[in-house]
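A.B. asks: kindly generate the corresponding structure for this input.
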Amino acid sequence: MKNNRPYGKLILSVLLDAMGYTSFIIPGIGEFSDVVWAPISAWVMTKMYKGQQGKIAAGISFVEEALPGLDVIPTFTIMWFYTYVFSKKKETIIEVK
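C.D. replies: As a prediction, the model looks like this:
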């Protein structure tokens, strides 16, 4: 069951990114929702990903959600891939040496 946990986090990441896209769907309300969603997304990012990487990702998520037009960047999903795909490959390469 523990092996399925990363995939649950992937599903949550996709859903959270979709929430960030809603500002494009609802005209007029979108700008207000970005002001509310930016700090929430940063806080959620720190809870999903601990340590220095989570803090950096939270800062990026905050800026991405706060600035207009950048909502299309799937920050949560990118962080998931960085954590569970790219970092794992890096660890494997280091272990081989």
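A.B. asks: give me the most central residue, this protein.
C.D. replies: Centroid-nearest residue in the chain: F76, 1.6 Å away (criterion: CA atoms, centre = their mean).
A.B. asks: who's in contact with that residue?
C.D. replies: Contacts for F76 (CB atoms under 8 Å, 6 or more residues apart in numbering) come out as L12, S13, V14, L16, D17, S41, M45, M48, S61. All C-beta atoms are positioned from the backbone trio N, CA, C, and that covers glycine.
A.B. asks: what helix or strand is it on?
C.D. replies: Applying DSSP states H and E as the criterion places F76 in helix 75-81.
A.B. asks: for that helix, which positions count as buried?
C.D. replies: The neighbour-count check on helix 75-81 (16 or more other CB atoms under 10 Å) flags T75, F76, T77, I78, M79, W80 as buried.
A.B. asks: over to stretch 14-32?
C.D. replies: Result for stretch 14-32 [16+ other CB under 10 Å]: buried residues L16, D17, M19, G20, S23, G30.
A.B. asks: what about the closest residue to E65 other than its chain neighbours, distance to A58?
C.D. replies: Once flanking residues are discounted, E65 sits nearest to A38: 3.9 Å by CB to CB, 6 or more residues apart in numbering. Distance, A38 to A58, by CB to CB, to the nearest Å: 10 Å.
A.B. asks: more neighbours: which of the two?
C.D. replies: Remark: of A38 and A58, A58 carries more neighbours, 22 against 19, as counted by other CB atoms under 10 Å.
A.B. asks: do I have it right that that one meets A42?
C.D. replies: Yes. Look at A58 against A42 with CB atoms under 8 Å: they come within range, at 4.1 Å.
A.B. asks: low-confidence ranges in this structure?
C.D. replies: For the chain, the stretches flagged by pLDDT under 70 are 1-4, 88-97.
A.B. asks: ok, longest helix in this structure?
C.D. replies: helix 5-25 (DSSP state H).
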